[in-house]
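**Q** show me how the following folds:
(2 chains)
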Amino acid sequence: MSYQGKFRVWRGDDSGGALEDFTVEVNEGEVVLDIIHRLQATQAPDLAVRWNCKAGKCGSCSAEINGRPRLLCMTRMSVFEESETITVTPMRTFPIIRDLVTDVSFNYTKAREVPSFAPPKDLAPGEYRMQQVDVERSQEFRKCIECFLCQNTCHVVRDHEENKEAFSGPRFLMRVAELEMHPLDTADRVDQAQDDHGLGYCNITKCCSEVCPEHIHITDNALIPMKERVADRKYDPIVWLGNKLFRR
Amino acid sequence: MARAEIAARTLRTDRWWLPPLTTFVGLLLISIYAAFRTFQGDYYWVDQYHYLTPMYSPCLTEECVPAASHFGQWFPALPGFLTPPVIIIPFLLGFRITCYYYRKAYYRAAWASPPACAVAEPHSKYTGETRFPLIAQNLHRYFFYAASLLLLINIYDAILAFGTGVGLGNIILLANVALLGAYTLSCHSCRHIAGGRLKHFSKHPVRYWMWTQISKLNNRHMQLAWASLIFVCLTDLYVALVASGTISDLRFIN
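**A** Numbering: from 1, shown residues only, chains lettered A, B, ... in the order given. As a prediction, this is how the structure comes out:
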């Protein structure tokens, strides 16, 4: 079954832009990215869109559909009414390059600020041994495809550009948690999380978890456990005393 | 480089305002009811069946009905409009207010920070939980300890009430402590204390098992938060209605 779908797509660059109306053919089984490609092929050959795998694994086609941060390739047209006008806009949190393409280099800067995996000094590559039960918490976070939808939807930076310097965002706080929970990592990540990556800015409103296309429990399994570890270190005199007495 | 020029606060077309509105109204109604019952200072104890509402447990001041003071009367009668629950309410309220679920609920519903995902918040500045007073949210674990102690007292009260037979009130008190217990156990701080803070689960199999079980409950933390909160109010209402003689308790045994 085909029908003529109504779309509003943001077109422009950093000097300005606006939503433009299009009517595009929609076929059964298609996703929003298919429509954007048809739009390119038939009506707007210069429409800029970043995409790659069309399988929800590369994290390239992040955008906002009807105001909700989503992957273009994983949003089925069948979830919309045929009469509905579908709005497609670029991610709001990052600077615009053109049309649906944003400059996500903020994330690469933040990624570089997280010190890398630090195994024990006497352990060479190839000698790493760990039990599955110890490493599986970190493995959940390895599912991240770096689509940056969590970074985009997090109100700490989405609504407050000035917080970008102090706050690394859920993706990279999750990376800190991944390393902190890794059985062979020896670096001290707790103070880093609070002091260098702005964990205190997170008010656990869970939008990062809501938009994650990999369904990672970012808030419950990464951010809150890190907040609890920070509380151990900085705000809990009983744990501090216990650590002093029993040298845990 | 600048962001894309989009003036609308949000382009969401769903009813994104409904969940925060429902949360706000729900929390407001429960707060009004709890405040009314706290300061009413009456109908908290059913002498015939030994039902004590969880809102007045433990009843520690001299104005308490002596039979309701299972742990003695530690404090003199409180002055003015103050009633016995004002001694314990701060701990219960503190546990709920600093709870990771409720934080999400009221940050969204009452403070619009943010009102919903991808909906711009109205505040020009945001510092989150980095400074006073919100940095005090880190004290959640202490309220968890206090709430756990109060839960044990509620369990004791519920068991004590079986001394006079079995009625609907006993079942309600029992269901209440079951829900409160599930909510308290599912707490993120409890999960952390039980095993979450460990680096090597394999070296602590018992704590790992506890962490695994608590994690299952933790997945339902929001549902348990609401269920236990509403049921505490219903339990209190039932005790108040029986205590005031408005209804009589349905007895199964005796």
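**Q** when you work out contacts or count neighbours from here on, use the C-alpha atoms and nothing else.
**A** Fine.
**Q** which stretches of the chain have low pLDDT?
**A** Going with chain A. Across chain A, the ranges flagged by pLDDT under 70 are A:247-248.
**Q** pop the domain breakdown of it in here.
**A** For chain A, automatic domain parsing gives the domain ranges A:3-101, A:105-246.
**Q** quick check, the last one touching chain B?
**A** Right, the one you point to is domain A:105-246. Yes - Domain A:105-246 lies within reach of chain B by CA under 8 Å from any CA of the partner chain, at A:131, A:133-134, A:153-156, A:158-160, A:181-183, A:200-207, A:220, A:224-225, A:227-229, A:231, A:235-236.
**Q** of those, select the buried ones using a PyMOL command.
**A** To isolate the buried members of the residues of domain A:105-246 next to chain B in PyMOL, using 16 or more other CA atoms under 10 Å in any protein chain shown:
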select buried, chain A and resi 134+153+154+155+156+158+159+160+181+182+183+200+201+202+203+204+205+206+207+220+224+225+227+228+229+231+235+236
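**Q** residue boundaries of the strands in chain B?
**A** Under the criterion DSSP state E, chain B contains strands at B:45-46, B:51-52, B:166-167, B:251-253.
**Q** repeat that for chain A.
**A** Applying DSSP E to chain A gives strands spanning A:3-13, A:16-26, A:62-65, A:68-71, A:85-89, A:96-98, A:101-102.
**Q** so B:T53 touches B:G41, yeah?
**A** No - using CA atoms under 8 Å, B:T53 makes no contact with B:G41, being 11.6 Å away.
**Q** these two - which one has more neighbours?
**A** B:T53 (28 against 16; other CA atoms under 10 Å in any protein chain shown).
**Q** mind checking how far that one is from A:Y3?
**A** Per CA to CA, to the nearest Å, B:T53 is found 61 Å from A:Y3.
**Q** one more: B:H200?
**A** On the measure of CA to CA, B:H200 and A:Y3 end up 56 Å apart.
**Q** and these two? Which one has more around it.
**A** Higher neighbour count among B:H200 and A:Y3: B:H200, with 20 against 13, using other CA under 10 Å.
**Q** was I right about that one contacting A:P183?
**A** Yes - with contact defined as CA under 8 Å, B:H200 counts as touching A:P183 (6.1 Å).
**Q** now the common contact residues for those two.
**A** Residues touching both B:H200 and A:P183 by CA atoms under 8 Å, 6 or more residues apart in numbering or on different chains: A:D134.
**Q** helices of chain B, start to end?
**A** Using DSSP state H, the helices of chain B run over residues B:18-40, B:89-97, B:100-109, B:140-160, B:168-185, B:188-191, B:205-218, B:221-243.
**Q** contacts for the fifth one next, please.
**A** When you say that, I think you mean helix B:168-185. Under CA under 8 Å, 6+ apart, the answer for helix B:168-185 is B:51, B:144, B:147-148, B:151, B:154-155, B:158-159, B:161-162, B:190-191, B:214, B:217-218, B:221, B:224-225, B:227-228, B:231-232, B:235, B:238-239, B:249-252.
**Q** can you select the buried ones from those in PyMOL?
**A** Burial among these is assessed by 16+ other CA under 10 Å; the matching PyMOL selection reads:
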select buried, chain B and resi 51+144+147+148+151+154+155+158+161+162+190+191+214+217+218+221+224+225+227+228+231+232+235+238+239+249
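**Q** related to what we said a few turns ago, quick one: closest of the strands of chain B to chain A.
**A** Of all those, it is strand B:51-52 that lies closest to chain A, at 33.4 Å by CA to the nearest CA.
**Q** who does the closest one pair with, and is each partner parallel or antiparallel?
**A** Applying DSSP bridges, strand B:51-52 is found paired with strand B:45-46 (antiparallel).
**Q** hmm, back to that, out of the strands of chain B, which gets nearest to A:E20?
**A** Closest approach to A:E20 among the strands of chain B is made by strand B:51-52 (65.0 Å; CA to CA).
**Q** and the contacts of the closest one?
**A** B:Y44, B:W45, B:V46, B:A68, B:D157, B:A158, B:A161, B:G169, B:N170, B:V239.
**Q** what's the mean pLDDT across it?
**A** For strand B:51-52, mean pLDDT rounds to 97.
**Q** any idea how far that strand is from the chain center?
**A** 19 Å (CA atoms, centre = their mean, to the nearest Å).
**Q** next one: stretch A:102-109
**A** In terms of CA atoms, centre = their mean, the centre of stretch A:102-109 is found 11 Å from the chain centre.
**Q** that one: which residues count as buried?
**A** Buried positions in stretch A:102-109, judged by neighbour count with 16+ other CA under 10 Å: A:T102, A:D103, A:V104, A:N107.
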